[in-house]
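In: Prediction below, plus the sequence it came from.
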Amino acid sequence: RPPAPRPRATRVFVVANQKGGVGKTTSTVNIAAGLSSLGQRVLVIDLDPQGNASTALNVEHRRGVPSTYDALVDGVVLDDVITACPDLKNLWVVPATIDLAGAEIELVSVVAREGRLRKAIHGHPWVGDAESAGEERFDYVLIDCPPSLGLLTLNALVAGEEMLIPIQAEYYALEGLGQLLETVDMVRAHLNPTLAVSTILLTMYDARTRLAAGVAEEVREHFGDQVLRTAIPRSVRVSEAPSYAQTVMTYDPGSPGALSYLEAAREIASRGVSL
Ligand code: ADP
Ligand code: MG
């Protein structure tokens, strides 16, 4: 597998869509696995109290494990809550425990509450460019957001430079997207002026239905080049993988789901270089 060129500096991606079940977590862990297999150094930050990304990456996330909560609420440095993924090279994880469910409320009274994650990420010695962070730098940080537009997602939007929005190719796909984009505009205007919706990924695409094709066409019309050429097919192997604490990239590397995620990762890596 030919390695992809490394970006000049760490690219921080926010994987967000306030709709649940559209493939945020699945896309986060599989693109992370794909990027790492292309020789990129990747950090996944699990920002969903459900901890599904932690599960898929085989990282412990029971109560008491150092986690995103500690970094966000108690200001613990990121390095102290990072775990190496036991199965995949070049991949690190900040797990989410159920404590994170309380963070949304606990953060309300905290100073600079929406900038906590940004501070944690940018305080890590492996985040930056070749000069500041050296060869050990992370090439990608992927933040897996919960299905809401509360303080957790807001923290991610302030922390990131790029957004990856997974869109499920089904009838209600575009519903709610307006609200997400309004939130992005608000964040841009007040908190993070350079946040860009760089990447849209069509997920659970069923090429046999006209409905999916129609939705895909509509999404491409609306978002143009932001939409990755690769769409992720609906595939039972993709949904089985997490129950074995695996990504589909290791569970069934030759399956259409795995190959599509690898291709999507390749696209993301190659676009970044020309950005
Ligand atoms: P979100 O994080 O947005 O809530 P998930 O990534 O957890 O969404 O996906 C929701 C459900 O759909 C999960 O059960 C997941 O396994 C399943 N799923 C995601 N992508 C696919 C796919 N390409 N094919 C089949 N099932 C999928
Ligand atoms: Mg999720």
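Out: Everything's here; your move. From a predicted model like this one, the values you see are computed outputs, not experimental measurements. Ligands and ions are numbered 1, 2, ... in the order given.
In: Show me the strands in this protein, by range?
Out: 11-15, 42-46, 83-84, 91-94, 140-144, 162-168, 196-203 (DSSP state E).
In: Switch the ones you listed over to CSV; also include mean pLDDT and mean neighbour count.
Out: Using the backbone N, CA and C atoms, a C-beta is placed for each residue, glycine as well. Output for the strands of the chain, formatted as CSV (pLDDT from 0 to 100; neighbours: other CB atoms under 10 Å):
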stretch, mean pLDDT, mean neighbour count
strand 11-15, 98, 26
strand 42-46, 98, 28
strand 83-84, 98, 15
strand 91-94, 98, 26
strand 140-144, 98, 28
strand 162-168, 97, 23
strand 196-203, 97, 22
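In: Of those, which is nearest residue 252?
Out: Among the strands of the chain, strand 196-203 comes nearest to residue 252, with 17.3 Å by CB to CB.
In: and the angle for that closest one with strand 11-15?
Out: If you take axes from the mean of the first three to the mean of the last three CA atoms, to 10 degrees, strand 196-203 sits at 50 degrees to strand 11-15.
In: packing partners for strand 196-203?
Out: Here strand 196-203 is seen to pack against helix 24-37, strand 162-168, helix 210-223, helix 256-274 when contacts are counted using 3 or more CB pairs under 8 Å, 6 or more residues apart in numbering; DSSP states H and E.
In: near ligand 1, which residues of the protein?
Out: Counting by CB under 6 Å from any ligand atom, the chain comes close to ligand 1 at 20-26, 52, 147, 203-204, 232, 234-235, 238-239, 257.
In: Point me to the residue of the stretch 151-275 of the chain nearest ligand 1.
Out: Taking CB to the nearest ligand atom as the measure, the point where the stretch 151-275 of the chain comes nearest ligand 1 is residue 239, at 3.4 Å.
In: what's near enough to touch the nearest residue to that residue once chain neighbours are set aside?
Out: Closest residue in space to residue 239, ignoring its immediate chain neighbours: residue 26 at 7.8 Å, by CB to CB, 6 or more residues apart in numbering. Contacts for residue 26 (CB atoms under 8 Å, 6 or more residues apart in numbering) come out as 56, 166, 203, 238, 239, 242.
In: Over to residue 179?
Out: 18, 149.
In: follow-up on the earlier one: quick check: pLDDT value at the residue nearest to residue 239.
Out: pLDDT, residue 26: 98.
In: Please renumber the chain so that the first residue is 672 from this point on.
Out: Shifting the count to begin at 672 puts that one at residue 697.
In: Please tell me how far it sits from residue 746.
Out: From residue 697 across to residue 746, the span is 31 Å (CB to CB, to the nearest Å).
In: and if you look at residue 936?
Out: Distance, residue 936 to residue 746, by CB to CB: 32 Å.
In: Looking at those two, which one has more neighbours?
Out: Counted by other CB atoms under 10 Å, residue 936 and residue 746 do not tie: residue 936 has more neighbours, with 26 against 12.
In: Who are the contact partners of the residue nearest to that one when sequence neighbours are not counted?
Out: Of all residues not flanking residue 936 in the chain, residue 705 sits nearest, at 2.9 Å (CB to CB, 6+ apart). Residues near residue 705 by CB under 8 Å, 6+ apart: 920, 932, 933, 935, 936, 937.
In: so what's the residue in the stretch 672-821 of the chain positioned nearest to ligand 2 up against?
Out: Nearest residue of the stretch 672-821 of the chain to ligand 2: residue 696, at 3.3 Å (CB to the ion). Taking CB under 8 Å, 6+ apart, we find residue 696 in contact with 719, 723, 724, 727, 815.
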